[in-house]
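In: Please work out how this folds:
(2 chains)
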There are 2 protein chains.
Amino acid sequence: MFKKKNVSLAVVRRLPRYLRYVEDLLNHDIMRISSSELSQRMGYTASQVRQDFNNFGGFGQQGYGYSTQVLYENLVKILGLDKNFKMIIVGVGNLGQALANYANFYKKGFRLVGLFDVDPQKVGKSIRNIKIQHIDELKDFIKKNDVDIGVLCVPSEVAQEVANLMVEGGIKGIWNFTAKEIEVKDDVVVENVHLIDSLMVLSYKLNEKLLEKQEASQK
Amino acid sequence: MFKKKNVSLAVVRRLPRYLRYVEDLLNHDIMRISSSELSQRMGYTASQVRQDFNNFGGFGQQGYGYSTQVLYENLVKILGLDKNFKMIIVGVGNLGQALANYANFYKKGFRLVGLFDVDPQKVGKSIRNIKIQHIDELKDFIKKNDVDIGVLCVPSEVAQEVANLMVEGGIKGIWNFTAKEIEVKDDVVVENVHLIDSLMVLSYKLNEKLLEKQEASQK
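Out: I've put the predicted structure just below:
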């Protein structure tokens, strides 16, 4: 598959949204869409959509638009979803449990292969038929099972320590839910989830509405 | 406070990251920073940083750079964090419980004032001294307490229905954790959290590394 080097992260972050829309089209048996229709639905410009897809060779045909099936298959490949990456969750508190039960992971081809915690109340119990193991087993487990992704759901204070264990075991990527920015060697990929950022964006929008109302009432 | 109309969402989404870095600087008693230093730390260009801040009047002084304290205070105001918005969580499953215990909300000034569920096993119990109420009480509670933000953590199948209840009660913003895109009237703000998007970005990066390795081994 054609792919430009160093596609910008801004483009990459839009790909999951494209996938969501294309899936929606397929679910409604819409087999073809123009770039202007697609862009309108998504709130981008048509030229933005074309530019985004051109990073990967473009999937459209002049005068035809996009085949939703072709778009879907390409997005799945580009996002690596056909690799069915193996995932473990470390820290099985409320968030870890919520993630373990998050059906969307499985629908997107990710495979949950292990759960880890230090709490003796939790170790030995199972979620979705996966036994919770003690964190002492973490390193060996990653090595033996060639795990791709470690989901970090531990308290912030031990985030770096647990990340180190993951890296020593040979993890390839860390999905970090802690408030801590973790440091890893260059060949390990980290994706941070800052839930609070999203809430602050909501707060910004609410505040904007408030200010608009105040202005209007002063007129 | 000076503020341009219609600041782009891309800029708004960067503000929480700025806040995080500025807080970090303050914690390390760094009271001043140049736009080039700040941009380097954050991986943006210096001109991007200046442009971003110019949307809000700019906070720097020629030749001095930014006072971290001034930056901090402005970002807090711009993001509406000084409003101490009132928040309720609807759906107290694992995710709802994780969010209720998410200390960062409280640090950022958000106030959790109510919890709601339909499960008779949960209704009446408390988390952080907040009693879980039945969803039948939701509408009245929002009205009486002038709640700003509703956090939607219910199963996708009932997402729209519960969102409707929130809107009827007079909610101002909905933080949507369901996989469903909900529809609300124009004056209600919605911020969707798609956890799977972030995992797909990680998957993209992992796949990119894989492809690089394959290419290297073929040479």
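In: Roughly how far does residue A:219 sit from residue B:76?
Out: Residue A:219 is 27 Å from residue B:76, where distance means Cβ to Cβ, to the nearest Å. Yep, even glycine has a C-beta here, placed from its N, CA and C like the rest.
In: out of the two, which sits in the busier spot?
Out: The residue with more neighbours, out of residue A:219 and residue B:76, is residue B:76; 18 against 4, by other Cβ atoms under 10 Å in any protein chain shown.
In: The more buried one contacts residue B:83, correct?
Out: No: judged on Cβ atoms under 8 Å, residue B:76 makes no contact with residue B:83 at a distance of 9.9 Å.
In: Could I get the full set of helices for chain A?
Out: Using DSSP state H, the helices of chain A run over A:9-27, A:35-42, A:46-54, A:68-78, A:94-100, A:103-107, A:138-145, A:159-169, A:195-218.
In: between those helices, which gets nearest to chain B?
Out: Between chain B and these, the tightest spacing by Cβ to the nearest Cβ is seen for helix A:195-218, at 2.7 Å.
In: Any buried residues in that closest one, and which?
Out: Going by neighbour count (16 or more other Cβ atoms under 10 Å in any protein chain shown), the buried part of helix A:195-218 is A:195-208.
In: and those residues as TSV, adding distance to chain B and pLDDT?
Out: Formatted as TSV, these follow (distance: Cβ to the nearest Cβ, whole Å; pLDDT from 0 to 100):
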residue	distance to chain B	pLDDT
A:195	7	90
A:196	4	90
A:197	4	91
A:198	5	93
A:199	6	95
A:200	4	96
A:201	6	95
A:202	4	97
A:203	4	97
A:204	5	96
A:205	4	95
A:206	5	96
A:207	3	95
A:208	8	92
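In: what does the lowest-mean-pLDDT helix or strand in chain A contact?
Out: Every helix and strand of chain A was ranked by mean pLDDT, DSSP states H and E. The lowest is strand A:60-61, at a mean of 73. With contacts defined as Cβ atoms under 8 Å, 6 or more residues apart in numbering or on different chains, strand A:60-61 is touched by A:35, A:50, A:53, A:66.
In: ok now that strand, how far from the chain's centre?
Out: Taking Cα atoms, centre = their mean, to the nearest Å, one finds strand A:60-61 lying 28 Å from the centre of the chain it belongs to.
In: Partner strands of it and their direction?
Out: strand A:65-67 (antiparallel) (DSSP bridges).
In: how about residue A:31, phi and psi?
Out: For residue A:31, the backbone dihedrals (degrees, to the nearest 10) come out as phi -100, psi -10.
In: Residue A:71 is in contact with that one, correct?
Out: No: at 10.3 Å, residue A:31 does not count as touching residue A:71 under the criterion of Cβ under 8 Å.
In: neighbour-wise, which of the two wins?
Out: It is residue A:71, of residue A:31 and residue A:71, that has more neighbours when counted by other Cβ under 10 Å, with 24 against 12.
In: okay, now the domains of chain A?
Out: Domain ranges of chain A: A:9-78, A:84-196, per automatic domain parsing.
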